[in-house]
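Q: Pasted the sequence and its predicted model underneath.
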Amino acid sequence: MSKNTEDSRAEGINFEAAMAELEKLVAQMEEGDLTLDNSLKAFERGVMLTRQCQQALSQAELRVQKLTDANTLEDLTQEDS
């Protein structure tokens, strides 16, 4: 599979699916039954998935900052009282 195909496949899954795949890859690598070539492929896939997860977390953090910077959460809490 080409690198571009793997990149696009990684981008097409959500955060939870990426984390689940990462956990599976780590478990496979920890078992020690993979060949060197398969270990390298698993590592490369893991790096791509990790980057995707980091990007998703960064975007979520920015959204939360936008809400809290506008005092939206405080205003909602005061209105509910």
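A: Cool, got the structure. Residues are numbered from 1 along each chain as shown.
Q: Against Ala27, how distant is the residue nearest the centre of the chain?
A: In the chain, the C-alpha nearest the mean C-alpha coordinate belongs to Cys53, at 1.6 Å (CA atoms, centre = their mean). Distance, Cys53 to Ala27, using CB to CB, to the nearest Å: 17 Å. (C-beta placed from N, C-alpha, C; glycine too.)
Q: ok, back up a step: name the helix or strand for the residue nearest to the centre of the chain, please.
A: helix 36-69 (DSSP states H and E).
Q: returning to that earlier point: leaving out sequence neighbours, find the closest residue to the residue nearest to the centre of the chain.
A: Using CB to CB, 6 or more residues apart in numbering and skipping the chain neighbours, the partner closest in space to Cys53 is Ala18 (5.2 Å).
Q: ok so, going back, what sits against the residue nearest to the centre of the chain?
A: Residues in contact with Cys53 (CB atoms under 8 Å, 6 or more residues apart in numbering) are 15, 18-19, 22.
Q: List just the nearest of those to Glu61.
A: Phe15 (12.7 Å; CB to CB).
Q: for this protein, which spans come out with low pLDDT?
A: Counting by pLDDT under 70, the chain shows low-confidence ranges at 1-11, 70-81.
Q: how deep is Asp69 tucked in, by neighbour count?
A: Look at Asp69: counted by other CB atoms under 10 Å, it has 8 neighbours.
Q: quick one: it from Leu62, how far?
A: According to CB to CB, Asp69 and Leu62 sit 10 Å apart.
Q: what helix or strand is Glu30 on?
A: For Glu30, the host element (DSSP H and E) is helix 15-31.
Q: Go ahead and name everything in contact with that helix.
A: Contacts for helix 15-31 (CB under 8 Å, 6+ apart): 10, 13, 34, 39, 42-43, 45-46, 49-50, 52-53, 56-57.
Q: Quick check: the farthest pair among these?
A: By the measure CB to CB, Leu34 and Leu57 form the most distant pair in the contacts of helix 15-31, at 27.8 Å.
Q: more neighbours, these two?
A: Ranked by neighbour count (other CB under 10 Å), Leu34 and Leu57 place Leu34 first, with 16 against 11.
Q: right, and the more buried one touches Ala42 too?
A: Yes - counting by CB atoms under 8 Å, Leu34 touches Ala42, with 6.4 Å between them.
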